[in-house]
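[1] Quick one: sequence plus predicted model below, questions after.
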Amino acid sequence: MKIFKLPDLGEGLPEGIIREWFVQEGDTIVIDQPMVSVETAKALVEVPAPFSGKVEKCFAAIDQALETGAPLIGFEEEDNAQKVADQPTEVTSSNTVVGNIPSSDTILEPLQTSTAVEHLATPSARALARKAGVALEAIDPQQRPIRVDDVHHHLKHSSQDTPVATDMQPLSMQKKAMAIAMSQSHQQVALTTLFEEANISQWSDYSNMTLRIIHAISQGCAMEPIMNSHFDASTWSIKSFEDLHLAIAIDTPHGLFAPVIQQANHLTSEQLKERIQQLKSQAEHQSIAASDLHGGTLTLSNFGMIAGQFATPMITPPQVTIVGIGRAKTVPGFNPQGEVVTQKLLPISVSFDHRCITGGESARFLKTVLDRLKQPN
């Protein structure tokens, strides 16, 4: 039997969740045929067959979390089977695996000794069992790897005297990715945030607010290029970018995504609008290309579309700046003649990494953004 292991899907997380099998045991498959759909932190990825052969065993069940490098599928190659070339396999779809795919001729079995048995279990099930203080050997997995449902079932029917909380649920892949990123940010970044309100009273049209904000950020980066940078703490060095590769935070039922608009400073309003709509649609369908989730040089979070005025947005290293936009509000104010007028104000929060950016640099960036936004349409 030839064992095919779950490859690194390029999302930076050590596991994926099996969502759909396209083949079953006994099927004959051909090279590059989609075998299984795996959910990563950012997308649903179809894993293609690395060679032709007959499927003998599917090692993972639907909704099971599987570690990268763990056995995924086993099959016996035909005598004339086409094997994977040594060179990386090019795949035309943006949602499929690209690159060398590791495999093994050894079947993974539970390690048995004279005193103990190491039970197969999903990473999420192991974590839950460890937290609840339950030994894996006490759980009946029905002749398959132990899953979270098995742990919950055991806890529910356990006769242990010590009460154990059973309402803990594992985070989704998207929430787990966010937890890792935000924990790293909190540990690494010297976060500081400036707050101000942009007077947008002279605007005649508020329907394209995001586009105007992006143009203002582009101008701010032109004034203070260091805000559009990557910082490397290991070498205490910083790289500023001439072009703005803007990551935009998109909230979906599946979780938070931050795809990147490449060279946003060179795009027209119409081009920006089209690109944003495309990325939003891909985020909702979990079909964003992996290449569109990396390389951002500054992030925009328009949380005010839902609620809230000011925030302290968290920076994602190696970026050094994130701009948060709150909900616009109408308030009374004074015009240059001292008359009471109605004003439209847009709350802006600029978080920056104080390890490499000074207060003056961030303030000049913010002032440029404010000056651009107060201009009429």
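    Structure's in. What do you need?

[2] For the stretch 101-250 of the chain, which segments count as helices?
    123-132, 148-157, 173-188, 209-223 (DSSP state H, counting those that start in this stretch).

[3] got the CA positions of the longest one in CSV?
    What it means is helix 173-188. Only the C-alpha atoms of helix 173-188 are listed here, as CSV (Å, rounded to 0.1, in the frame of the first residue of the first chain):
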residue,chain,number,x,y,z
MET,A,173,-9.7,27.0,11.6
GLN,A,174,-10.3,30.7,10.9
LYS,A,175,-10.6,31.6,14.6
LYS,A,176,-7.6,29.6,15.4
ALA,A,177,-5.5,31.4,12.8
MET,A,178,-6.7,34.7,14.2
ALA,A,179,-5.8,33.6,17.7
ILE,A,180,-2.3,32.7,16.7
ALA,A,181,-1.8,35.9,14.7
MET,A,182,-3.2,38.1,17.5
SER,A,183,-1.1,36.4,20.2
GLN,A,184,2.0,36.9,18.2
SER,A,185,1.1,40.5,17.6
HIS,A,186,0.5,41.1,21.3
GLN,A,187,3.8,39.6,22.2
GLN,A,188,5.9,41.3,19.5
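
[4] what angle do it and helix 123-132 make?
    60 degrees (axes from the mean of the first three to the mean of the last three C-alpha atoms, to 10 degrees).

[5] just checking, what packs against helix 173-188?
    Counting contacts by 3 or more C-beta pairs under 8 Å, 6 or more residues apart in numbering; DSSP states H and E, helix 173-188 packs against strand 255-257. From N, CA and C alone the C-beta is placed, and that goes for glycine too.

[6] Next up, identify which helix or strand the nearest residue to Val340 once chain neighbours are set aside is on.
    Nearest-residue entry for Val340: Pro332, 5.8 Å, with adjacent residues in sequence omitted and distances by C-beta to C-beta, 6 or more residues apart in numbering. Secondary structure assignment for Pro332, by DSSP states H and E: strand 329-334.

[7] With only the CA atoms kept, save that strand in CSV.
    Taking C-alpha atoms only, strand 329-334 is exported to CSV below (Å, rounded to 0.1, in the frame of the first residue of the first chain):
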residue,chain,number,x,y,z
LYS,A,329,-21.6,60.6,12.8
THR,A,330,-23.5,63.9,12.3
VAL,A,331,-22.9,66.5,15.0
PRO,A,332,-23.3,70.3,15.4
GLY,A,333,-20.3,72.4,14.8
PHE,A,334,-19.1,75.8,13.7
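
[8] switch to numbering from 19
    I'll keep to 19 as the first residue from here, and by that count the last item is strand 347-352.

[9] one step back: could you verify my assumption that the residue nearest to Val358 touches Lys362?
    No. The criterion here is C-beta atoms under 8 Å, and Pro350 misses it with Lys362 at 11.4 Å.
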